[in-house]
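# Pasting a predicted model and its sequence here:
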Amino acid sequence: MAGSPQLQSEAVSPVPALTPTDCWTLPQRILFRFIFAYLILYPAPATERADLLSALPYGAFLARAYISLWHSIVPWVARTVFHLKGRAITYVRTGSGDTTLDYVQEFCFVLLAIAAGALWSILDRRRPDYHRLHLWLRLLVRYTLSFTLFTYAFVKIFPLQFRPTSLDRLIEPYGSFSPMGVLWSFMGASTAYIIFAGLCEATAATFLLFRRTTTLGALIAAGVLLNVVMLNFCYDVPVKLYSINLLLMAIFLALPDLRRLVNIFVLNRPANPLNLPTIRFERRWARIVTAVFQFAFIGFFLFGQIRGGWLQYQRAYVHADRPPIYGLYRVETFLRGGQVVPPLATDQTRWNWLIPQYPQGIAIQTMDGPPQFFAARYDAPNHRVVLTIRGIKYTLEYSYPDPDHLLFEGNLEGNAVSIRSRKMAPSTFPLLSRGFHWINEQAFNR
């Protein structure tokens, strides 16, 4: 059925292009100056964070020098301004991005951005807008966010950030897990989900590389990063500051399209097309050099990420070193001084589980407590292993009475011991044996 002429006319009427406002209001200019200063400071090189300078060939040298400068400034601010001392103001590689010094550095960034914005507002108060500078800032944020998401994506596509469930985790009580350990174990239980999460990050990162798809990439990135922020807060993962800043970068990139997005998704109105401005050099040779550099820069970075991820995957999974007695063993009999030690639940000396999973260490769980890791040095030709327990070395000989049992004999903490254990197949645990089912007549929830 044909519609009314009025409706047909409305359906085909052109929508005027949306162009940037010639002059910005005073609050817009002041806010931009602060945001510009902050987004120049935060994406700069920092420990355990992706940055554009380090992605350049030989840029890591300059990045380390810049990081060293802040490593001198931040502890001084912590001591002088906040009167902190001791370990809280000492840089130690802990795997945490939410240390006291990280918060002090964030304070420095905000303070410097406010000061720079205020000084800038005084010296440049007559400028009507910052359209061109805004384009350069968006370019910096786009590439910083894209490269960061690619970095996180490839350690998931090649499942390195979250590893499959380790043997010691299979026998550790759930209540002994930390919240972060629960999250890491949950992710590691499904390689397919890890790869899916990485592909989501890679998709957002890819769209962010191109000017015309920046908004789409920013929206996908915002959704992905909002989930990451919530996981970091709810499971106490110490990357809260970093993930919040990445989320703010995604919001910054999507913000110019906010009105158009509201028109489409909320108000059910047509959205005007946006006249996408671009950074354009007047000279042809400059445009060619810029395009070549851009292509080479992105290609160099992606090649390094993919190659590094593949090599690490090969080392971690395909060519992983394993001890000669690799496996998960349940102790059946424990003899100390010729006497059988019964498996009492409160005994902190009798072994309950034996987990030689790594070539330089062994995990031992007693009857009372979680698995503990000890250094181990294997002498495979002579069937011996040297354990270091509380700084003292003990030599034990191992043998296989039959294919299903492992026997340890030797002297341990001043007593002759004989420890017989049965090898357990990891597939006997429901976490690893359940698998995927299209049809479930009944929920299997244990």
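Cool, got the structure.
# Spell out which residues make up each domain of the protein.
As recorded under automatic domain parsing, the domains making up the chain are 21-129, 132-238+252-320, 328-430.
# Is it possible to get a markdown table of the ones you listed that adds mean pLDDT and distance to Trp438?
(Each C-beta comes from the backbone N, C-alpha and C, glycine too.) Shown next, in a markdown table, are the domains of the chain (pLDDT from 0 to 100; distance: least, CB to CB, whole Å):
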| stretch | mean pLDDT | distance to Trp438 |
| --- | --- | --- |
| domain 21-129 | 92 | 39 |
| domain 132-238+252-320 | 92 | 14 |
| domain 328-430 | 90 | 19 |
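# In the chain, which residue is most central in space?
Tyr152 (5.4 Å; CA atoms, centre = their mean).
# Wait, that residue touches Cys200, no?
No: in this structure Tyr152 lies outside contact range of Cys200 using CB atoms under 8 Å: 10.3 Å.
# closest to Asn445 out of the domains of the chain?
Nearest to Asn445, of all the domains of the chain, is domain 328-430, at 10.5 Å by CB to CB.
# for the domains of the chain, which one sits closest to Ile244?
Proximity to Ile244 (CB to CB) singles out domain 132-238+252-320 among the domains of the chain, at 5.9 Å.
# how long is that closest one end to end?
51 Å (CA to CA, to the nearest Å).
# Likewise for stretch 42-55?
From its first residue to its last, stretch 42-55 covers 16 Å (CA to CA).
# ditto for stretch 340-352
Using CA to CA, first and last residues of stretch 340-352 are 13 Å apart.
# ok, residues contacting that stretch?
For stretch 340-352, the surrounding residues in contact (CB atoms under 8 Å, 6 or more residues apart in numbering) are 330-331, 333-335, 364-369, 419, 421.
# biggest separation within those, which pair?
The most widely separated members of the contacts of stretch 340-352 are Leu335 and Gly369, with 21.1 Å between them, by CB to CB.
# which parts of the top helix by length along the chain are buried?
Longest helix in the chain, counting residues (DSSP state H): helix 284-313. Going by neighbour count (16 or more other CB atoms under 10 Å), the buried part of helix 284-313 is 297-298, 301-302, 305, 309, 313.
# for stretch 185-195, same thing?
Buried-residue list, stretch 185-195, by 16+ other CB under 10 Å: 185, 187-190, 194.
# Include secondary structure when you put those residues into CSV, please.
What follows is the buried residues of stretch 185-195, written out as CSV (DSSP: H, G, I helix; E, B strand; the rest coil):
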residue, secondary structure
Ser185, helix
Met187, helix
Gly188, helix
Ala189, coil
Ser190, coil
Ile194, helix
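# can you give me the strands in the stretch 151-300 of the chain?
Ranges of strands in the stretch 151-300 of the chain, per DSSP state E, counting those that start in this stretch: none exist.
# Helices along that one, start to end?
Using DSSP state H, counting those that start in this stretch, the helices of the stretch 151-300 of the chain run over residues 167-170, 179-188, 191-208, 214-234, 240-254, 258-265, 284-313.
# Count the neighbours of Leu255 for me.
Using other CB atoms under 10 Å, Leu255 has 12 neighbouring residues.
# should've said Ser68
Ser68, neighbours per other CB under 10 Å, totals 10.
# Return the residues in contact with it.
By CB under 8 Å, 6+ apart, no residues touch Ser68.
# And Phe429, by the same measure?
Here Phe429 is in contact with Leu170 (CB under 8 Å, 6+ apart).
# And Ile195, by the same measure?
By CB under 8 Å, 6+ apart, the residues touching Ile195 are 156-157, 159.
# first vs last residue of stretch 208-218, how far apart are they?
End to end - CA to CA - stretch 208-218 spans 7 Å.
# Other residues contacting it?
138, 142-143, 145-146, 149, 204-207, 221, 250-251, 253-254, 257, 261, 276, 278, 298.
# Which members of those are classed as buried?
Those of those that meet the buried threshold are 138, 142-143, 145-146, 149, 204-207, 221, 250-251, 253-254, 257, 298, by 16+ other CB under 10 Å.
# on that earlier part again, now the helix or strand that the longest helix of the chain is followed by, how far from the centre of its chain.
Later in the chain than helix 284-313, the nearest helix or strand by DSSP states H and E is strand 328-336. Per CA atoms, centre = their mean, to the nearest Å, the displacement of strand 328-336 from the mean C-alpha position of its chain is 39 Å.
# Show me what strand 328-336 is packed up against.
Using 3 or more CB pairs under 8 Å, 6 or more residues apart in numbering; DSSP states H and E, the elements in contact with strand 328-336 are strand 351-358, strand 405-412, strand 415-424.
# Let me know which of those strands is the nearest to Asn245.
strand 351-358 (35.1 Å).
# Please name the strands paired to that closest one in the sheet, noting orientation.
strand 328-336 (antiparallel), strand 361-366 (antiparallel) (DSSP bridges).
# tell me the angle that strand makes with strand 415-424.
Computed by axes from the mean of the first three to the mean of the last three CA atoms, to 10 degrees, the angle separating strand 351-358 from strand 415-424 equals 70 degrees.
# Surely Pro277 touches His131?
Yes: using CB under 8 Å, Pro277 makes contact with His131 at a distance of 6.8 Å.
# any idea which helix or strand comes after the strand or helix carrying Arg33?
In the assignment (DSSP H and E), Arg33 maps to helix 26-41. Proceeding N to C from helix 26-41, the next assigned helix or strand is helix 52-55, under DSSP H and E.
# Can you name every helix or strand that that next one contacts?
helix 59-80, helix 131-157, helix 284-313.
# other SSEs contacting the second one?
Pointing back at helix 131-157 there. Going by 3+ CB pairs under 8 Å, 6+ apart, helix 131-157 lies up against helix 26-41, helix 52-55, helix 191-208, helix 214-234, helix 240-254, helix 284-313.
# With that, I have no additional questions.
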